[in-house]
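In: model this:
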Amino acid sequence: MKNAFDVLRLCAIAVGMAITISCNTVLVSLFPFVQGSALFAALGIAGLCMGVIVLCFTELASRFPGAIGIRAFTKAAFGNRFSLSITLFYVVMMMMIGGLEGYLCYLLLLQVLSPPIAVLVLLVLVLSILMVNLSGYELSLNLQIAITVAVVTLMLVLAVMAFAEPATGTHPAVAPTRIDGLLGAVPRALFLFVGIEWAVMHVSRHDAFRRTLPIALIISVATIALLYGTFGAALQKHFVAAELGSLALPHLELARVIASPAALWLATLVGLLAVLSSFNVGLSGAARILYSLAREREIPAWFAQLHGPRLSPRNAMLFISAGVMLMAPLMAAPVLNTSLSRLFSAHLVAVYALILLAWLKIRRQPDRRGVKQPLHPLIVWPTMLFLAVIGVGVIAEPEAKIARLILLGELAVIGAICTYLYRPTLIKA
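Out: Purely as a prediction, here's the structure:
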């Protein structure tokens, strides 16, 4: 019974991070590349890659019990400076996703509220999650399980309602999918699984790395693939590919074609719960990473200050929350809005490819600490190379000029921060 609850708890964290409004938005960005059964092929390939990634995460995390995020094993594999860069890159990516979530939540609230009230409600939601996390881990965990179960259930109900509704309009025959189209869809499909690996930070017993965590993560990957596959099929029934690619809130548009007043409220509730779920997990995880870096004296000690009897990393949480809210208005810029799926896909593929490279380097070491997962380098090497190829493909697309500039600017800022932190005059105790 205890193991079953641990699996449920870890699944709630993993799936809860991956179910976001932004994932619905990225989901429709797949349709210019794949339609029909090819959508399931893209999700299947991305799911297989994610299965390898989460097993690598599990093995690496088991070698460094108590470590937070990707910091410990990237440091062991690549050295301190490069590891710090990767970790900050990862945190910035999560803050950008949080900003997009906030912006999409605002658009969702505008469907039923005036702009000032929508902003106020969004602030209340963010502050509520912040207060829950400051109140302690157990409260946010119980909330997470409830929210995740509710979001998955409501998304499935909305998809079933859409399937029951007669198709609208005439849909042209689906053209055969080309291999370059499938390769263009896979990195975007991989984004739908974003954050599943954060469950490794919430393991309470070391023996959970042997069976409980791997089982929970594989179940989570399968759940996400089936959920978004079902939702994507429901969207394809009512919209043509040309329409789908431009939908900012696809679950809301799907609700509009259902002949039921409850559908619109259901879609709104799904969106709000998805924001609460992803922000709850993201805030906790990103804040703990910053807290860990501050404890190592890699970033200012301000981030390591704890709060209250539960010893929550208050300052780190405040920083992440403020960063998310500041990024949210930027997501409305048309120049950025059209580049988000490419930008997030490039971020994610780069981080995951480096994690697999870290696994390959550390697996060769004579130190046999940790729990070895059923993986072989002959599986991990092709997966890593595949991720590298599709990542380069995304950022090399002719339409990706803005995404390339943003990515280069982000790398320049992180490089400048790391250069400052390691300047010759810095003296560490």
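
In: Counting neighbours, what do you get for Tyr103?
Out: Using other CB atoms under 10 Å, the number of residues around Tyr103 comes to 23. The C-beta positions use only the backbone N, C-alpha and C, and glycine is treated the same way.

In: in the strand or helix carrying it, what counts as buried?
Out: Applying DSSP states H and E as the criterion places Tyr103 in helix 80-109. Judged by neighbour count (16 or more other CB atoms under 10 Å), helix 80-109 contains these buried residues: 83-109.

In: Tell me where the model's unsure across the stretch 251-400 of the chain.
Out: Residues of the stretch 251-400 of the chain meeting the criterion pLDDT under 70: 280-281, 308-311, 334-338.

In: Report the angle between the helix ranked longest in the chain and helix 80-109.
Out: Scanning the chain for the longest helix, with DSSP state H as the assignment, gives helix 261-295. Here helix 261-295 runs at 160 degrees with respect to helix 80-109, directions being taken by axes from the mean of the first three to the mean of the last three CA atoms, to 10 degrees.

In: Please state the offset of the helix or strand just after helix 261-295 from the chain centre?
Out: Reading on from helix 261-295 to the C-terminus, the next helix or strand found by DSSP H and E is helix 314-330. Helix 314-330 has its average C-alpha position 17 Å from the chain's average C-alpha position, going by CA atoms, centre = their mean, to the nearest Å.

In: packing partners for helix 314-330?
Out: helix 80-109, helix 115-134, helix 261-295 (3 or more CB pairs under 8 Å, 6 or more residues apart in numbering; DSSP states H and E).

In: Alpha carbons only: can I get it in PDB?
Out: What follows is helix 314-330 as a C-alpha-only set of coordinates in PDB (Å, rounded to 0.1, in the frame of the first residue of the first chain):
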ATOM      1  CA  ARG A 314      11.300  31.900   0.800                       C
ATOM      2  CA  ASN A 315      13.600  34.200  -1.100                       C
ATOM      3  CA  ALA A 316      14.200  31.700  -3.900                       C
ATOM      4  CA  MET A 317      10.400  31.200  -4.200                       C
ATOM      5  CA  LEU A 318       9.800  35.000  -4.300                       C
ATOM      6  CA  PHE A 319      12.400  35.400  -7.000                       C
ATOM      7  CA  ILE A 320      10.900  32.600  -9.200                       C
ATOM      8  CA  SER A 321       7.400  34.000  -8.700                       C
ATOM      9  CA  ALA A 322       8.400  37.600  -9.600                       C
ATOM     10  CA  GLY A 323      10.400  36.300 -12.600                       C
ATOM     11  CA  VAL A 324       7.400  34.400 -13.900                       C
ATOM     12  CA  MET A 325       5.100  37.400 -13.500                       C
ATOM     13  CA  LEU A 326       7.500  39.700 -15.200                       C
ATOM     14  CA  MET A 327       7.900  37.300 -18.200                       C
ATOM     15  CA  ALA A 328       4.200  36.900 -18.600                       C
ATOM     16  CA  PRO A 329       3.500  40.200 -20.400                       C
ATOM     17  CA  LEU A 330       6.500  39.600 -22.700                       C
END
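
In: now it against helix 261-295, angle please.
Out: Calculated by the same axes, to 10 degrees, helix 314-330 forms an angle of 130 degrees with helix 261-295.

In: contacts for helix 314-330?
Out: Outside of helix 314-330, the residues that reach it under the criterion CB atoms under 8 Å, 6 or more residues apart in numbering are 95-96, 98-103, 106, 122-123, 126-127, 130, 133-134, 279, 282-283, 286-288, 290-291, 294, 302-308, 336.

In: Next, the buried residues of that helix.
Out: Using 16+ other CB under 10 Å as the burial criterion, the residues of helix 314-330 that qualify are 314-321, 323-325, 327-328.

In: any idea which of the residues you listed is the one closest to Leu387?
Out: Met327 (25.7 Å; CB to CB).

In: Distance-wise, check the closest one relative to Pro398.
Out: Here Met327 is placed at a distance of 27 Å from Pro398 (CB to CB, to the nearest Å).

In: swap in Pro166?
Out: Pro166 sits 39 Å away from Pro398, going by CB to CB.

In: so what's Phe193 up against?
Out: Contacts here follow CB under 8 Å, 6+ apart; on that basis Phe193 touches 18, 46-47, 50, 221, 224-225.

In: closest to Pro32 among those residues?
Out: Proximity of the contacts of Phe193 to Pro32 (CB to CB) peaks at Ala46, which lies at 16.4 Å.

In: Can you point out the buried residues in the helix or strand containing the closest one?
Out: Under DSSP H and E, the secondary-structure element containing Ala46 is helix 37-63. Buried residues in helix 37-63, defined by neighbour count with 16+ other CB under 10 Å: 38-43, 45-63.
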